[in-house]
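**Q** What follows is a predicted protein model with its sequence.
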There are 2 protein chains.
Amino acid sequence: MTIRRLSVYARCLLHLEEDGVRTVSSQELADRFNLNSAQVRKDLAYFGEFGVRGVGYYVDDLRRHITAILGLDTQHRLAVVGAGNLGMALANYDGFAGRHFRMVAMFDDDPAKVGREVDHAPIIASRDMAREIRARSIQIAIVAVPTESAQTVTDQLVAAGIKAILNFAPARLKVPREVRFKNVDLSIELETLSFYLAKGSK
Amino acid sequence: MTIRRLSVYARCLLHLEEDGVRTVSSQELADRFNLNSAQVRKDLAYFGEFGVRGVGYYVDDLRRHITAILGLDTQHRLAVVGAGNLGMALANYDGFAGRHFRMVAMFDDDPAKVGREVDHAPIIASRDMAREIRARSIQIAIVAVPTESAQTVTDQLVAAGIKAILNFAPARLKVPREVRFKNVDLSIELETLSFYLAKGSK
DNA sequence: TAGATTGTTAATCGATTAACAATC
DNA sequence: TAGATTGTTAATCGATTAACAATC
């Protein structure tokens, strides 16, 4: 949870920096996200002493520190697996454009797609995935293939030495402990909303 | 958190039912998700007494109860706003097909798309959104438009009386308290992965 | 020096887990 | 009755918040 909040702070600090704001207090940050100022200070102090008593935090300084903590000072090379609608949507996603992540390849089986380029990245045949992951030093893969092929693709990624996987397929994937893994589960999000709708009308 | 777990249990129970399993114990459920059996029992007992001492839980009975608690005994009518790659991916998403959610409309500005059908649902011009949301009793909207238009679209949805919104645009949207709202934020997921990558290599 | 705000300790709160009487 | 497993109370753990000395 602390890490997710750091990510949120980082984005906020970027905005503040663009707006020419020089310093910010834990209280001001807390107000922005409905948090407690003590919580903000604790989050920030956990990794070092970044603040100045009586002043607050220097925005650019703090932003740099958090960025480094999140490992965003180096650019991550990532691949999107599956060049269907979801894959294409992710390839064009504004979020990557932010210089921390760079999509350097897409993988797909469809011969009609292989060889084309998406956002300066080549679409490569899935059968070459292991080789290309290594050759292109790809650390992160986003799985955007149909449910049936999700586990197969994941096994290949793992075998190729991928470091982290973000999965969009609605399947419970088996991934070895050493590979960082996150599921984005649309059903859970919808069902949570559904619960509150049902509760509200009752 | 309890609600998210209920959603997970529900899916598991569905599988068990399909496999012809009649009863399941809190311990068996806990093992499946690396939880504590006391936690499972507490989650389930929170909404009523669904188990039988010495036996466990009857799978079909429990599944029905959880489904009702999550408001999944009635079908939810939803709309996807934005018929770009992301919208199309969501429309074809396996998760909806599950009978709890039914996409009954897509909205888009592009005249080339308006009038077509996707998965039995019509693509409707955005300007008619408010009217159609009401006419078609749409309760849930999924926002899959570019960042620039996300707030405008959201305001229209709210004005049309939408009950819940699931947002995929990387924007911090203002939504009144009475509308249930959930953000799916790809950047946070990626940055969290990035943190663990950085930590692991250090 | 007076005012502001941090970093941190201590108090509080909530969620998880252990333990066990109830009971099938 | 003996064995199994629930529902629930009490204990534990972790995360949030309040409070305040340190210090700019």
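**A** Done, it's in.
**Q** Only C-alpha atoms from now on, for both contacts and neighbour counts.
**A** OK.
**Q** what's the closest non-adjacent residue to A:D31?
**A** A:S37 (7.9 Å; C-alpha to C-alpha, 6 or more residues apart in numbering or on different chains).
**Q** State the helix or strand in which the residue nearest in space to the middle of chain A lies.
**A** Closest residue to the average C-alpha location of chain A: A:L166 at 7.8 Å, with C-alpha atoms, centre = their mean. Counting by DSSP states H and E, the element that carries A:L166 is strand A:164-167.
**Q** Surely the residue nearest to the centre of chain A is in contact with A:I142?
**A** Yes. Counting by C-alpha atoms under 8 Å, A:L166 touches A:I142, with 4.8 Å between them.
**Q** show me where chain A has helices.
**A** Listed in chain order, the helices of chain A (DSSP state H) span A:2-18, A:26-33, A:37-45, A:59-69, A:85-91, A:94-97, A:129-135, A:147-159, A:186-201.
**Q** If I look at A:F101, what pLDDT would I see?
**A** In this model, A:F101 is scored at 95, pLDDT.
**Q** Quick one: residues contacting the residue lying closest to it once chain neighbours are set aside.
**A** Setting aside the residues directly before and after it, A:F101 is nearest to A:H76 in space (C-alpha to C-alpha, 6+ apart), at 4.8 Å. Residues in contact with A:H76 (C-alpha atoms under 8 Å, 6 or more residues apart in numbering or on different chains) are A:H100, A:F101, A:R102, A:I138, A:Q139, A:I140, B:S194.
**Q** before we move on, back to that, my guess is the residue nearest to A:D31 contacts A:V24, does it?
**A** No. Between A:S37 and A:V24 there is no contact under C-alpha under 8 Å: 11.7 Å.
**Q** OK, contacts around A:A141?
**A** A:L78, A:A79, A:V80, A:V81, A:L157, A:I162, A:A164, A:I165, A:L166.
**Q** for A:R77, same thing?
**A** Counted by C-alpha under 8 Å, 6+ apart, A:R77 has contacts A:F101, A:R102, A:M103, A:V104, A:S137, A:I138, A:Q139, A:I140.
**Q** longest strand of chain A?
**A** strand A:101-108 (DSSP state E).
**Q** Show me what it is packed against.
**A** strand A:76-81, strand A:121-125 (3 or more C-alpha pairs under 8 Å, 6 or more residues apart in numbering or on different chains; DSSP states H and E).
**Q** got the CA positions of the first one in PDB?
**A** The reference is to strand A:76-81. Provided in PDB are the C-alpha atoms of strand A:76-81 (Å, rounded to 0.1, in the frame of the first residue of the first chain):
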ATOM      1  CA  HIS A  76      12.000  -0.300 -18.300                       C
ATOM      2  CA  ARG A  77      11.800  -2.100 -21.600                       C
ATOM      3  CA  LEU A  78       8.500  -4.000 -21.900                       C
ATOM      4  CA  ALA A  79       6.700  -6.100 -24.400                       C
ATOM      5  CA  VAL A  80       2.900  -6.500 -25.000                       C
ATOM      6  CA  VAL A  81       2.000 -10.100 -25.800                       C
END
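**Q** Up against DNA strand D, what does chain A have?
**A** A:M1, A:T2, A:L35, A:N36, A:A38, A:Q39, A:K42, A:V52, A:R53, A:G54, A:V55 (C-alpha under 7 Å from any atom of the strand).
**Q** Keep only those of those residues that are also close to DNA strand C.
**A** Filtering the residues of chain A next to DNA strand D for proximity to DNA strand C (criterion: C-alpha under 7 Å from any atom of the strand) leaves A:A38, A:K42, A:V52, A:R53, A:G54, A:V55.
**Q** mind giving me JSON lines with those residues and columns for neighbour count and pLDDT?
**A** Converted to JSON lines, those look like this (neighbours: other C-alpha atoms under 10 Å in any protein chain shown; pLDDT from 0 to 100):
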{"residue": "A:A38", "neighbour count": "12", "pLDDT": "98"}
{"residue": "A:K42", "neighbour count": "13", "pLDDT": "97"}
{"residue": "A:V52", "neighbour count": "11", "pLDDT": "96"}
{"residue": "A:R53", "neighbour count": "8", "pLDDT": "96"}
{"residue": "A:G54", "neighbour count": "7", "pLDDT": "96"}
{"residue": "A:V55", "neighbour count": "10", "pLDDT": "97"}
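**Q** quick one: which of those is nearest DNA strand D?
**A** A:G54 (3.6 Å; C-alpha to the nearest atom of the strand).
**Q** Give me the phi and psi for the closest one.
**A** phi 80, psi -10 (degrees, to the nearest 10).
**Q** So which of the helices of chain A has the densest surroundings on average?
**A** Among those, ranked by average contacts under mean count of other C-alpha atoms under 10 Å in any protein chain shown, first place goes to helix A:85-91 (a mean of 22).
**Q** Could you export that helix as PDB, CA atoms only?
**A** Extracted in PDB, the C-alpha atoms of helix A:85-91 (Å, rounded to 0.1, in the frame of the first residue of the first chain):
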ATOM      1  CA  ASN A  85      -7.800  -5.000 -29.500                       C
ATOM      2  CA  LEU A  86      -6.500  -5.100 -26.000                       C
ATOM      3  CA  GLY A  87      -2.900  -5.300 -27.000                       C
ATOM      4  CA  MET A  88      -3.300  -2.400 -29.400                       C
ATOM      5  CA  ALA A  89      -5.100  -0.300 -26.800                       C
ATOM      6  CA  LEU A  90      -2.200  -0.900 -24.400                       C
ATOM      7  CA  ALA A  91       0.400  -0.100 -27.000                       C
END
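**Q** Tell me if that helix is near chain B.
**A** Yes. Contact of helix A:85-91 with chain B (C-alpha under 8 Å from any C-alpha of the partner chain) involves A:N85, A:L86, A:M88, A:A89, A:L90.
**Q** so which pair among these is furthest apart in space?
**A** A:N85 and A:L90 (8.6 Å; C-alpha to C-alpha).
**Q** okay, and the common contacts of those two?
**A** What both A:N85 and A:L90 touch, as defined by C-alpha under 8 Å, 6+ apart, is the set B:L86.
**Q** measure A:R4 to B:F33 for me?
**A** 23 Å (C-alpha to C-alpha, to the nearest Å).
**Q** A:N92 now?
**A** 34 Å.
**Q** swap in A:R116?
**A** Counting by C-alpha to C-alpha, the gap from A:R116 to B:F33 is 41 Å.
**Q** about what we covered before: closest to A:R63 among the contacts of A:H76?
**A** For the contacts of A:H76, the nearest to A:R63 is A:H100 (13.6 Å; C-alpha to C-alpha).
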